[in-house]
Structure formats: C-alpha cells, structure tokens
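Undergrad: okay, sequence plus prediction incoming.
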Amino acid sequence: MRRGLDIGGQWWCARGMGARIRDSASFGEVAETKYWHLLDDGRVQCDICPRACRLHEGQRGLCFVRARDGDEIVSTTYGRSSGYCIDPIEKKPLNHFLPGTPVLSFGTAGCNLTCKFCQNWDISKSRDIDTLADSASPAAIADAARRLGCASVAFTYNDPVVFLEYAVDTALACREAGIKTVGVTAGYIEPGPRAEMFNAMDAVNIDLKGFTHDYYRKVCGGDLDAVLETIEWAVKESSVWVELTTLVVPGHNDSDEELSRMAAWVVEHVGTDVPMHFSAFHPDWKMTDVAPTPPATLRRARRIALEHGVHFAYTGNVHDPDGDTTFCPNCHRRVVERDWYEILAYDLDAQGACSHCGTQIPGVFAASAGTWGRRRLPVTLHS
C-alpha cells in the first residue's frame with residue numbers, strides 16, 4: 001500500500017527570497033531576524049515572545065532555534081522541516097475553515113513554552129537540529145500544496161512563533177499562489193511579531209491551555225495574560241479567522257469552576273462566535289502519570305461552554321459525533337455533520353449560511369465541503 005508521496009521541489013537562493021540567509025561559524029546556515037535589541041550589558045535580547053531571552057555570544061534561547069550570532073539574533077531552522085504531511089483541516093483543529101479540505105502541514109523544531117504534557121515533544125523539544133532533514137523553499141511549499149490539491153498550508157507540530165521568518169515568507173508565497181495558510185500556535189508572542197505573523201495568515205488556532213496563572217506558570221512555563229491579550233487582539237484587531245483549543249488534563253485544568261471562567265471570558269472578551277475545542281489528553285513526555293481524559297469530561301466541558309453562550313463548542317481526540325458537528329445557533333439544525341474528521345452532511349449555502357433558516361455561520365466556507373476525509377498522507381519535498 002502506498003503510504004506517502006514524493007514531490008520534487010527545488011532548493012533556492014535564499015538571499016533572493018524573504019529572510020536573508022548567511023553562514024555562521026557557530027550555527028551553520030542561519031536566517032537573519034529583526035525582533036531583538038542590544039542591551040547595555042552587552043547581551044542581546046530576543047523580542048519575539050514575552051520570555052525575552054537575553055543571550056551572550058553563541059547562546060541559544062529557551063526555544064533552542066533562535067540564537068545569538070554576533071550582535072544579533074538569528075534563526076537556525078529557516079527552510080528546514082521535521083516533515084510534511086497532508087491532513088484533514090479538522091485535525092488542526094479548525095471546524096469553520098474550509099471543512100473537509102486537505103492541508104499540507106509541517107513544522108520545524110523547538111518551542112518557546114515548556115508544557116509538561118506536550119503531545120509533540122519529540123519535535124517541539126528537539127535539541128538535535130540535524131534531524132531536520134527535509135528542506136524546501138517557501139515557493140516550493142506553495143507550489144507543492146497547489147500540485148497536491150491542498151486548499152491550505154499549516155504551520156504546526158511546533159509553534160510557528162519560533163520559526164516566524166520561515167512561516168511568514170511561506171505564507172506570503174502561498175498567498176501569491178492562491179493557497180491559504182493556517183497557524184497553530186500557543187499565542188505566546190510579542191505585539192510586533194504577532195501582527196506580522198497573523199496578518200500574513202488566513203486562520204489560526206490558538207491554544208488556551210488553561211485558565212489559571214498557576215497552571216500556565218508551573219505546567220506550561222508561560223503567562224496566561226499574554227495569551228489572552230493575543231486572543232483578544234487576533235479577534236478584534238486582525239482579519240485572521242480564530243478558533244481556540246484547550247487540551248483538558250484531568251486534575252489540572254478540568255474543574256467546572258475553571259472551565260466556567262474560561263467560557264465566560266471568551267464570551268465577554270471575544271464574543272459568542274469564536275469556536276472552542278476541548279481535546280483529550282493522553283499521557284506523554286513529563287506527565288505520564290496522569291490518566292487520559294475521559295470522554296465524559298470533554299462532553300462536560302463542551303456543555304459548560306454552551307451554557308455560557310458559546311455558539312460553537314467541540315470535543316476532540318474522542319469519538320463524539322455531536323461534539324464533532326456544527327449546529328446552527330438559530331434553528332439548532334446540523335449544518336456540518338462530522339464523524340471524526342469525515343464530513344457526513346453539509347447544509348451551508350455558497351455564502352456560509354444555514355440552508356434551513358438562512359443564519360450566517362461565522363468562518364470561511366466554500367459552496368461545498370471537501371472530500372479529503374480522515375486520511376493522513378506523509379509527503380517528501382526533496383531538493
């Protein structure tokens with residue numbers, strides 16, 4: 001059985017495309033970046049995210065892929081990927097963005113958070129940059145997506161914040177080719193780079209990992225307020241389509257009280273139409289002693305969100321047809337019926353309105369759903 005595709009691409013003269021590439025004695029081929037500044041004590045501060053790593057010569061930031069080389073911060077993974085795969089768009093998860101269509105997905109390595117439950121820790125926590133064997137230019141990725149019939153390209157598996165230059169250049173190349181782009185991010189990013197990254201993309205799924213400062217600090221190594229600011233800015237100040245995801249971890253962020261406060265904040269600050277996804281945790285990385293999330297917990301989280309006025313709440317990583325399905329908030333009929341990642345029925349018109357009552361469903365929709373289904377197809381882009 002054929003398990004993947006080998007798509008020919010061509011390497012590129014990076015100096016002529018987006019980020020400027022140069023050789024570094026310490027890190028090999030690197031991309032120059034612009035979000036940093038030199039401190040009075042001689043260190044260079046990275047300004048990509050609230051962590052604000054302050055680096056001496058040759059040091060890497062916590063993400064491991066942004067490093068000091070001379071008197072600037074460089075990116076050490078531009079143009080290099082941990083692998084490519086065609087996924088259903090619902091796997092990102094995005095339920096209101098071109099349902100049923102295939103998305104060409106890739107990531108690099110590293111992350112600017114330290115989530116103990118990380119489900120992609122082999123990529124996001126990688127310290128072996130040489131494992132990034134797959135290489136492709138932004139233009140080659142856009143061309144491959146077009147030839148493969150993908151409606152979009154997703155920056156995922158690890159956070160595009162840490163490979164912002166590569167993600168933005170690829171998003172712009174995709175835009176020129178008529179391909180949409182999707183960012184899957186924790187939203188832990190400073191305002192300047194946030195505007196550049198989000199404005200280059202068509203949709204983002206932002207992880208809202210929990211709703212206490214203690215959980216963000218101790219379990220994720222981040223700050224809740226910074227993420228809430230990103231969510232509110234993205235919904236109110238940008239044109240990018242936004243959906244939210246919470247990985248529900250038993251005993252850590254699954255109480256009725258915390259879920260209620262989270263849903264209430266979403267309704268008050270970004271409105272009732274931002275979809276919320278509640279996904280199942282499985283034991284991994286530094287949290288192998290925690291049991292998997294029971295399906296009943298996800299259904300409870302979804303119910304709490306709906307009771308607080310969220311119009312579109314979903315469950316993920318479990319078999320739950322109701323939790324997969326989009327219901328019209330007015331007539332309560334099924335308008336996009338799903339089973340796992342497969343579209344069973346699509347009752348929206350060409351403008352994305354409910355075909356039963358005419359209510360506009362927020363999101364990005366086509367006249368018909370895609371037919372990609374549940375498949376996950378690895379792809380090789382070779383030089």
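TA: Thanks, I have it.

Undergrad: Y215 - how many residues pack around it?
TA: 17 (other Cβ atoms under 10 Å). The C-beta positions use only the backbone N, C-alpha and C, and glycine is treated the same way.

Undergrad: confirm for me that it is in contact with N253.
TA: Yes - Y215 is within contact range of N253, at 5.5 Å (criterion: Cβ atoms under 8 Å).

Undergrad: so what sits against both of the two?
TA: Residues touching both Y215 and N253 comprise K209, with contact defined as Cβ atoms under 8 Å, 6 or more residues apart in numbering.

Undergrad: now do the helices in this structure.
TA: Assigned by DSSP state H, the chain shows helices spanning 121-124, 138-148, 164-176, 191-200, 213-215, 224-237, 256-270, 295-307, 321-324.

Undergrad: and these: which comes nearest H37?
TA: H37 lies closest to helix 191-200 among the helices of the chain, at 11.4 Å (Cβ to Cβ).

Undergrad: okay, the closest one in CSV with CA atoms only?
TA: Extracted C-alpha coordinates of helix 191-200, given in CSV (Å, rounded to 0.1, in the frame of the first residue of the first chain):
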residue,chain,number,x,y,z
PRO,A,191,2.8,42.5,19.6
GLY,A,192,5.1,43.4,16.8
PRO,A,193,5.9,39.9,15.5
ARG,A,194,2.3,38.9,16.3
ALA,A,195,0.9,41.4,13.9
GLU,A,196,3.4,40.4,11.2
MET,A,197,2.7,36.7,11.6
PHE,A,198,-1.1,36.8,12.0
ASN,A,199,-1.6,39.3,9.2
ALA,A,200,0.2,37.0,6.8
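
Undergrad: least trustworthy helix or strand in the chain by mean pLDDT?
TA: Here the helix or strand of the chain ranked lowest by mean pLDDT, DSSP states H and E is strand 5-8, holding a mean of 52.

Undergrad: still on that earlier bit, deepest of the helices of the chain, which one?
TA: Across those, averaging neighbours per residue (mean count of other Cβ atoms under 10 Å) puts helix 164-176 on top, at a mean of 23.

Undergrad: same question for it, mean pLDDT?
TA: Taken as a whole, helix 164-176 has a mean pLDDT of 97.

Undergrad: can you pull out the residues in contact with it?
TA: With Cβ under 8 Å, 6+ apart, helix 164-176 has contacts from 17-19, 31, 33, 35, 48, 75, 77-79, 108, 137-139, 141-142, 145, 152-153, 155, 160, 180-181, 183, 193, 196-197, 200-201.

Undergrad: tell me the angle of that helix relative to helix 191-200?
TA: 30 degrees (axes from the mean of the first three to the mean of the last three Cα atoms, to 10 degrees).
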